[in-house]
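J.: Here you go, sequence then predicted model.
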Amino acid sequence: MIKKKWLSSYDSKIMHYKRVEDLSLRARTAKRAEKMISDQKFSKYVLPVMKKYAEKCIIDPYLTELTYWGCTCINTISNNFRLYSRINLRFQEVLTSGYDYAHNKATFSWHLAKSPFEGYFDTGDYRIEFIDHYYQSGGQDQFQIYTEDFDAAMWLLDNEVFILAAKSFNLSCMRKGAQPYAKTHCPTLADYLLPELAGS
């Protein structure tokens, strides 16, 4: 019943606020996270998108953190592109964020359920790219949305079809079991993504 209500609701209600804490994991990843969070481009353009996604598209993010979803602090640069972070569920990346210094743009890539978008692929928005791509781990009812536009990313996270597709896909991934990347989860970054701690 709770899962059905969560899937059908536009605004996700947080049911639990107690977190599973791993202090050794926090200590091991804190410095990398703090460095990334202090990056002005990350804090201005990427963090708001990640926070909004975690708040709207992950069921009970406090309760499911670490066991079912994790966020990574990658923060590496190659060929004028900085890969900041990924949010993962199961063996599946669901949000990848970075910054393209050559074009001075933040980049966002989501994997989400394809079926809710049937008949809705043409948004008429040149900023948003629909890509027929899926990872085997998440199943074939999946595709990728990519944008290099902060405003477009925030608009998507207010779009009911996008939210339904993201929620449906994320819940499907969680039902398959725990995520195996707990050792790379970054609790300090999660502090900024979880709604209550982020001051929302």
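T.: Received the coordinates, thanks. Residues are numbered from 1 along each chain as shown.
J.: pretty sure Ile131 contacts Ile145?
T.: Yes - counting by C-beta atoms under 8 Å, Ile145 is a contact partner of Ile131 at 7.3 Å. (Glycine included, C-beta is placed from N, CA and C.)
J.: Settle it for me: which of those two has more neighbours?
T.: Set Ile131 next to Ile145 and count neighbours by other C-beta atoms under 10 Å: Ile145 wins out with 21 against 11.
J.: Not counting sequence-adjacent ones, nearest residue to that one?
T.: Spatial nearest neighbour of Ile145, excluding adjacent residues (C-beta to C-beta, 6 or more residues apart in numbering): Trp110 at 4.8 Å.
J.: Can you give me the distance of the one you found to Val94?
T.: 6 Å (C-beta to C-beta, to the nearest Å).
J.: Mutual contacts of the two, please.
T.: Ala166 (C-beta atoms under 8 Å, 6 or more residues apart in numbering).
J.: about what we covered before: list the contacts for the residue nearest to Ile145?
T.: Contacts of Trp110 (C-beta under 8 Å, 6+ apart): Tyr53, Val94, Leu95, Gln144, Ile145, Tyr146, Leu156, Ala166.
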